[in-house]
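[1] Sequence and predicted structure are below.
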Amino acid sequence: MRTDTSPGTLPAREHLPAGDAGTPVLDVVIPVYNEEKDLQPCVLRLHEHLKRTFPYAFRITIADNASIDTTPQVAARLESEIPEVKSFRLEQKGRGRALRTVWSASDAPILAYMDVDLSTDLNALLPLVAPLISGHSDLAIGSRLARSSRVVRGAKREFISRTYNLILRGSLQARFSDAQCGFKAIRRDVAQALLPLVEDTGWFFDTEMLVLAERAGLRIHEVPVDWVDDPNSTVHIVKTATEDLKGVWRVGKALASGSLPLDRVTRPFGDDPRDRDIQDVPKGLARQLVGFCVVGGLSTLFYLVLYSLFRQFGGSQVANALALLVSAVANTAANRRLTFGVRGRGGAVRHQAQGLVVFAIGLALTSGSLAALNAASSDPAHSTELAVLVAANLAATVLRFLLFRAWVFPDRGDSTEDSTLAAINSPSSPTYSTATQHPQNPQYPGSYAAPLPQRQPQQDAYDTTPHGTSTTTTQFRAGEAADGTWRDATMQLQPVRPHDTDPRNSR
């Protein structure tokens, strides 16, 4: 949806090129809270699977949500023993908070997460991230509700899961099948733009992220998974369900009011360079047509109700004029906000004035139709009058859409790069603190603060951190690189060599 000050869109998706680079392609985050028993088996199993099957460099990040048992010690030991494992400690609980913090600071182009219980079969991990690496999709989720999924869980959790997804479909028009499966991935460039819009820090985090991504037109890939329920799960079902319903209400209200700048995370038409050369392609035409038809249908019903009401107190011409005037003002306001995405009070009076001109054209069409009907019959039936008015309004509706699109709410074109950066650097974006260390020092979290790659016209270039032994602290916002610039996630990837083996792997 367009705003008065559109900050721009994401670049077109591209396949991440394979090559030599020190940056991991995939960063798998495991959020944990008091998981001292399950953490080590989970990490060892995941690490062995990635070493054996994943063709590129990877990282496993343990995100500790303020655990009060020995989970931090277990995470630190795993980090010291396995080069691909890093640990991160947060002093506040919240799965969404952990994912936002680690994903915002990660330098990997593909970001994923999974639950520590590994309920999802790991054979689905490569199919999950492959569409993101290839540039086909923006996000990917595991689905337990797909036709080919195989799921083992109790009737209670099955009922709750399906009911929750039905609520999402009915209230937020969600089209993805499974919002709660703890098995998801996202491209880093998408995360940088999308995460600042996500408010939740708990279990509703991924649902909100998926809803906003879908509304922005991003492509969500679904992978059928084999999933076995963990009977020892510590999730509080009633509390989580209550918080999720509150989140559904909050997001639904924000979407209805148009307060979310979703145009920050839209993709251009066509990801093929040949498509980008096409001239005069209407932007958002399909969505605008749908919105205009919905508003037009409701306006027509509103108009007919008003006409029937006013007809009881006056003639047909007076009733038609009053009903059309009131419905036209409401129609212009609704199309301004819902169809063409214009928010704020700026230009509202001018838009209503232009809308009244369009109203005059519609009045001429409908009044002319009534005059022709009265000339043909001295006392036409009320149902006949309504039928003639419906036909005249259909003709006026087509003309109204064309005038709205070309004259009242014309597309102002893409915003400049300065407006894009201004929107990204808005004070509303949350900030996180990371440490930037010597590039050869593997101590975490310095690796997360490594400068992000930036695409050049002919080749990929990389920023380097000056050599030195001192550690500096940098403040940056989610969705923003450490130097305050917007960076692209495309980078050179490094395949894992066949002789790179895990000493724990007996194979």
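    Thanks, I have the structure now. Numbering: from 1, shown residues only.
[2] contacts, neighbours, all on C-alpha from now
    Will do.
[3] I'd like the secondary structure assignment at Ala63, please.
    Under DSSP: H, G, I helix; E, B strand; the rest coil, Ala63 falls in the strand class.
[4] go on, Gly142?
    Relying on three-state DSSP, one would call Gly142 strand.
[5] Check the protein for its longest helix and report it.
    For the chain, the helix with the greatest residue count under DSSP state H is helix 348-376.
[6] and that helix, which residues are buried?
    351-352, 354-356, 358-360, 362-363, 365-367, 369-370, 373 (16 or more other CA atoms under 10 Å).
[7] Which residues does the strand or helix carrying Leu210 contact?
    Per DSSP states H and E, Leu210 falls inside helix 205-215. The set of residues external to helix 205-215 that reach it, using CA atoms under 8 Å, 6 or more residues apart in numbering, is 95-96, 172, 174, 179-180, 194-195, 198-200, 219-220, 247-248, 251, 262, 265.
[8] what do you get if the cut-off is 6 Å, keeping everything else the same?
    Gly96, Ala179 (CA atoms under 6 Å, 6 or more residues apart in numbering).
[9] Send me it as PDB with only the CA atoms.
    Output in PDB follows, covering the C-alpha atoms of helix 205-215 (Å, rounded to 0.1, in the frame of the first residue of the first chain):
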ATOM      1  CA  PHE A 205       6.500 -13.000  16.900                       C
ATOM      2  CA  ASP A 206       6.600 -15.400  14.000                       C
ATOM      3  CA  THR A 207       2.800 -15.100  13.300                       C
ATOM      4  CA  GLU A 208       3.000 -11.300  13.100                       C
ATOM      5  CA  MET A 209       6.100 -11.500  10.900                       C
ATOM      6  CA  LEU A 210       4.300 -13.900   8.500                       C
ATOM      7  CA  VAL A 211       1.100 -11.800   8.400                       C
ATOM      8  CA  LEU A 212       3.000  -8.600   7.600                       C
ATOM      9  CA  ALA A 213       5.200 -10.300   5.000                       C
ATOM     10  CA  GLU A 214       2.200 -11.800   3.300                       C
ATOM     11  CA  ARG A 215       0.300  -8.500   3.300                       C
END
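[10] ok, then the element right after that helix?
    Next element after helix 205-215 (DSSP H and E): strand 220-224.
[11] Give me the buried stretch members for the helix holding Leu210, please.
    Phe205, Asp206, Thr207, Glu208, Met209, Leu210, Val211, Leu212, Ala213, Glu214, Arg215.
[12] Nearest to Leu125 among these?
    The closest of these to Leu125 turns out to be Asp206 (CA to CA; 17.5 Å).
[13] In this structure, what residue spans correspond to strands?
    26-32, 58-65, 85-90, 110-114, 139-143, 150-152, 183-187, 220-224, 226-228, 431-436, 454-455, 460-461, 472-477 (DSSP state E).
[14] looking at these, which is buried most?
    strand 139-143 (a mean of 27; mean count of other CA atoms under 10 Å).
[15] Can you name every helix or strand that that one contacts?
    strand 183-187, strand 220-224 (3 or more CA pairs under 6 Å, 6 or more residues apart in numbering; DSSP states H and E).
[16] can you list those strands in JSON lines and add distance to Glu84 and mean pLDDT?
    What follows is the helices and strands packed on strand 139-143, written out as JSON lines (distance: least, CA to CA, whole Å; pLDDT from 0 to 100):
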{"stretch": "strand 183-187", "distance to Glu84": "18", "mean pLDDT": "95"}
{"stretch": "strand 220-224", "distance to Glu84": "25", "mean pLDDT": "94"}
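[17] What about Gln92, how many residues nearby?
    Burial of Gln92 is recorded as 12 neighbouring residues (other CA atoms under 10 Å).
[18] so what's it closest to, chain neighbours aside?
    Ala66 (5.4 Å; CA to CA, 6 or more residues apart in numbering).
[19] so what's that neighbour up against?
    Residues near Ala66 by CA under 6 Å, 6+ apart: Leu90, Glu91, Gln92, Lys93.
[20] try 7 Å this time
    Ala66 sits next to Tyr33, Arg89, Leu90, Glu91, Gln92, Lys93 when contact means CA atoms under 7 Å, 6 or more residues apart in numbering.
[21] can you count the residues close to the first one?
    It stands for Tyr33. Using other CA under 10 Å: Tyr33 sits among 20 other residues.
[22] Dead centre of the chain: give me the residue that sits there.
    Ala213 (1.6 Å; CA atoms, centre = their mean).
[23] what's the spacing between that residue and Asn335?
    Using CA to CA, to the nearest Å, one gets 23 Å for the distance from Ala213 to Asn335.
[24] re earlier: export the buried residues of helix 205-215 to JSON lines and append columns for pLDDT and distance to Val102.
    Formatted as JSON lines, those follow (pLDDT from 0 to 100; distance: CA to CA, whole Å):
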{"residue": "Phe205", "pLDDT": "92", "distance to Val102": "14"}
{"residue": "Asp206", "pLDDT": "90", "distance to Val102": "14"}
{"residue": "Thr207", "pLDDT": "91", "distance to Val102": "18"}
{"residue": "Glu208", "pLDDT": "93", "distance to Val102": "18"}
{"residue": "Met209", "pLDDT": "94", "distance to Val102": "15"}
{"residue": "Leu210", "pLDDT": "94", "distance to Val102": "18"}
{"residue": "Val211", "pLDDT": "93", "distance to Val102": "21"}
{"residue": "Leu212", "pLDDT": "92", "distance to Val102": "20"}
{"residue": "Ala213", "pLDDT": "91", "distance to Val102": "19"}
{"residue": "Glu214", "pLDDT": "91", "distance to Val102": "23"}
{"residue": "Arg215", "pLDDT": "88", "distance to Val102": "24"}
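[25] which residue lies farthest from the center of the protein?
    Most remote from the centre of the chain, using CA atoms, centre = their mean: Ser378, at 58.6 Å.
[26] which residues of the stretch 151-300 of the chain score low on pLDDT?
    Residues of the stretch 151-300 of the chain that meet the criterion pLDDT under 70 lie in 231-236, 268-284, 286.
[27] Going by residue numbers, what spans are helices in it?
    155-172, 188-194, 205-215, 237-257, 273-276, 285-311 (DSSP state H, counting those that start in this stretch).
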